[in-house]
Each structure stands twice: as C-alpha cells, then as structure tokens.
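Student: Dropping the sequence and predicted coords here.
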Amino acid sequence: MCRRPSCCPSSSNEGTGIAAVAVIVGAAVAYAKIGPELARIWHLAVEAVIIFTLGCAAAAAGIVVTWATAHIIRTRRVSRQAQLAPVSPDARQSIDQAGNQPECLACGDTGTVLRAIGNSSYQHEWCPVCQPAHRAG
C-alpha cells in the first residue's frame with residue numbers, strides 16, 4: 001500500500017471501483033445472454049409495424065380508387081343527363097297521334113330542331129329537311 005500524505009483524508013474508493021467493474025461485467029454477461037433474444041423480438045416488432053403500415057396503405061389506396069371511380073361515374077351520369085334536351089309539346093303531340101307518323105323525322109313536323117352549342121347550350125333552328133327555304137335565306 002502506498003502512504004498518503006497526512007493532509008489528504010483517507011477514504012476507501014476501492015469498494016466503489018470494484019462495484020462498478022462488477023456492474024459492467026454483469027451487464028456484459030446479461031447482454032451476451034439476452035441480446036440475441038432482444039434482437040429477435042425487436043426484428044419481429046419492426047416487421048409487425050411494417051405489415052400494419054402496408055395494410056393501412058393498401059386500404060387507403062382502395063378507398064381512394066373506389067371514391068374516384070364513383071365520382072367519375074356520377075359526373076358522367078350527371079353530364080349525360082344535362083345533355084338531354086326536353087322535347088317540345090308540339091313534337092310530342094305529332095308523334096303520339098296514333099296512325100299519323102310525322103312526315104319529317106328530323107323535327108317531328110314542328111319545323112324547328114335544336115342545334116347543340118358547346119356542352120350544355122342549345123339553339124332553335126329551322127329544320128334543314130322540311131324548311132329548306134328558311135335556311136337559304
């Protein structure tokens with residue numbers, strides 16, 4: 001043992017050092033025994049999170065595709081209904097009369113037809129089949 005000067009208080013640090021070394025050695029032994037199991041558990045947990053995330057992403061993609069398909073179908077159905085023009089009452093009467101077929105199939109003997117302008121606008125014009133004089137001016 002070495003002698004300390006009389007001005008330094010005598011304390012025992014040897015017990016603390018031995019305890020620290022024992023804790024470090026014990027932790028190393030525990031990690032050597034438990035480490036591979038912890039690694040397997042960690043790997044399984046990460047795989048479970050990945051599978052859960054992929055499942056959620058697939059479900060979200062399915063929802064988006066279903067919504068987009070329904071939206072496209074609904075939009076086309078509404079635009080198709082908007083393109084249909086109502087038939088005038090005169091045309092209905094001439095077509096509905098039993099035994100009297102209209103002579104002009106283009107206008108139903110009403111003298112006017114609807115000309116489409118753009119997607120949803122229509123303009124009345126003289127029938128080009130039965131009213132050619134009006135078209136000539």
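Tutor: Cool, the structure landed. Numbers count the residues shown, from 1 in each chain.
Student: Okay, domains of this protein per the record?
Tutor: Listed by automatic domain parsing, the domain ranges of the chain are 15-84, 89-136.
Student: Now the weakest link among those, please, by mean pLDDT.
Tutor: Lowest mean pLDDT within the domains of the chain: domain 89-136, a mean of 69.
Student: Where do the strands of this protein begin and end?
Tutor: For the chain, the strands defined by DSSP state E cover 112-117, 121-126.
Student: winner for burial among these?
Tutor: Highest mean neighbour count of the strands of the chain: strand 112-117, a mean of 14 (counted as mean count of other Cβ atoms under 10 Å). The C-beta positions use only the backbone N, C-alpha and C, and glycine is treated the same way.
Student: Sheet partners, orientation included, of that strand?
Tutor: The pairing partners recorded for strand 112-117 under DSSP bridges are strand 121-126 (antiparallel).
Student: just to revisit the earlier point, ok, and which of the domains of the chain has the densest surroundings?
Tutor: Comparing the domains of the chain by mean neighbour count (mean count of other Cβ under 10 Å), domain 89-136 ranks first with a mean of 13.
Student: what about the longest helix in this protein?
Tutor: Across the chain, the longest stretch assigned as helix under DSSP state H is helix 14-83.
Student: Next, the angle from it to strand 121-126.
Tutor: Interaxial angle of helix 14-83 relative to strand 121-126 (axes from the mean of the first three to the mean of the last three Cα atoms, to 10 degrees): 10 degrees.
Student: on contacts alone, who are the packing partners of helix 14-83?
Tutor: Helices and strands touching helix 14-83, as assessed by 3 or more Cβ pairs under 8 Å, 6 or more residues apart in numbering; DSSP states H and E, are absent.
Student: Just send the strands of the chain back as a markdown table, with distance to Ala68 too.
Tutor: Shown next, in a markdown table, are those (distance: least, Cβ to Cβ, whole Å):
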| stretch | distance to Ala68 |
| --- | --- |
| strand 112-117 | 29 |
| strand 121-126 | 29 |
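Student: Out of those strands, which gets nearest to Gly26?
Tutor: Of all the strands of the chain, strand 121-126 sits nearest to Gly26, with 87.3 Å by Cβ to Cβ.
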